[in-house]
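Visitor: Mind folding the following:
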Amino acid sequence: MLLKALALGPLQTNCYLLADGRGGPSAVIDPGAEPERVLALLKEQALELRYILLTHYHFDHIGAVNGLVEATGAEVCIHAHEAEPLARPPAIFKLFAQGGISPVKAGRLLVDNETLGLGELTIACLLTPGHSPGGLSFYLASERVVFCGDALFAGSIGRTDLPGGSQRILAQSIRERLYTLPPETVVYPGHGPETTIALERAGNPYVRP
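Guide: Below you'll find the model as predicted:
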């Protein structure tokens, strides 16, 4: 697997570029800003962008989506529960987003346990709501990695005070969908450094197994 990470925008949102290491199609997860940097990385790696995978619709995870779609024609994928707020961002986000928020139209609505093929890779879509109503984590069992957006961080969890958030539901998602993954699974979050399922099960103070 080829995996490259960029920290984008004022909130330093983690954006991940995935491919099977053989060239050809690739996916970008949560391109939050600075589409030119993502496009430059795609060019550097000689990759065709097939999917833009969104863990959730929040403004700091979608800022580069329209620019990437215009440049590449890639398909925008998000959980079905989040297509509406993606297309019509909540007014509260205008208080946080610098330069405003552009509506984004999803091309593919994902459901829990759906899988996407990317060359030799298989990406499983795990519904992990709580930070947002239709939050997704993208799990690659063969590579022992999960990209969980803002559900789980190293030593912390996502906020739940934005529209559609629920601390109870987020804790349930973490316990039932993320903590049940193999302990060696590397967790790539939406902000901050990577961690592992084993480390978070053992020491995350916000959600105990």
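
Visitor: residue ranges with poor pLDDT in the protein?
Guide: 94-100 (pLDDT under 70).

Visitor: out of all of them, which helix in it is the longest?
Guide: Secondary structure of the chain per DSSP state H: the longest helix is helix 35-44.

Visitor: buried stuff in that helix?
Guide: Under the neighbour-count criterion of 16 or more other C-beta atoms under 10 Å, helix 35-44 has Pro35, Arg37, Val38, Leu39, Leu41, Leu42 buried. C-beta coordinates here come from the backbone N, C-alpha and C atoms, glycine included.

Visitor: Same check on stretch 131-141?
Guide: Across stretch 131-141, burial judged by 16+ other C-beta under 10 Å covers His131, Ser132, Pro133, Gly134, Gly135, Leu136, Ser137, Phe138, Tyr139, Leu140.

Visitor: okay if I get the buried residues of helix 35-44 as TSV plus distance to His58?
Guide: Formatted as TSV, these follow (distance: C-beta to C-beta, whole Å):
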residue	distance to His58
Pro35	17
Arg37	19
Val38	18
Leu39	22
Leu41	22
Leu42	23
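
Visitor: Would you map the strands across this structure?
Guide: With DSSP state E as the criterion, the chain has strands at 2-8, 13-19, 24-29, 47-53, 75-79, 108-110, 115-118, 121-127, 136-140, 145-149, 152-153, 156-157, 186-189, 195-196.

Visitor: now the ones you listed in JSON lines, with distance to Leu170?
Guide: Shown next, in JSON lines, are the strands of the chain (distance: least, C-beta to C-beta, whole Å):
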{"stretch": "strand 2-8", "distance to Leu170": "23"}
{"stretch": "strand 13-19", "distance to Leu170": "18"}
{"stretch": "strand 24-29", "distance to Leu170": "19"}
{"stretch": "strand 47-53", "distance to Leu170": "20"}
{"stretch": "strand 75-79", "distance to Leu170": "15"}
{"stretch": "strand 108-110", "distance to Leu170": "19"}
{"stretch": "strand 115-118", "distance to Leu170": "24"}
{"stretch": "strand 121-127", "distance to Leu170": "12"}
{"stretch": "strand 136-140", "distance to Leu170": "12"}
{"stretch": "strand 145-149", "distance to Leu170": "11"}
{"stretch": "strand 152-153", "distance to Leu170": "9"}
{"stretch": "strand 156-157", "distance to Leu170": "6"}
{"stretch": "strand 186-189", "distance to Leu170": "13"}
{"stretch": "strand 195-196", "distance to Leu170": "17"}
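
Visitor: out of those, nearest to Pro205?
Guide: Among the strands of the chain, the nearest to Pro205 by C-beta to C-beta is strand 156-157 (8.2 Å).
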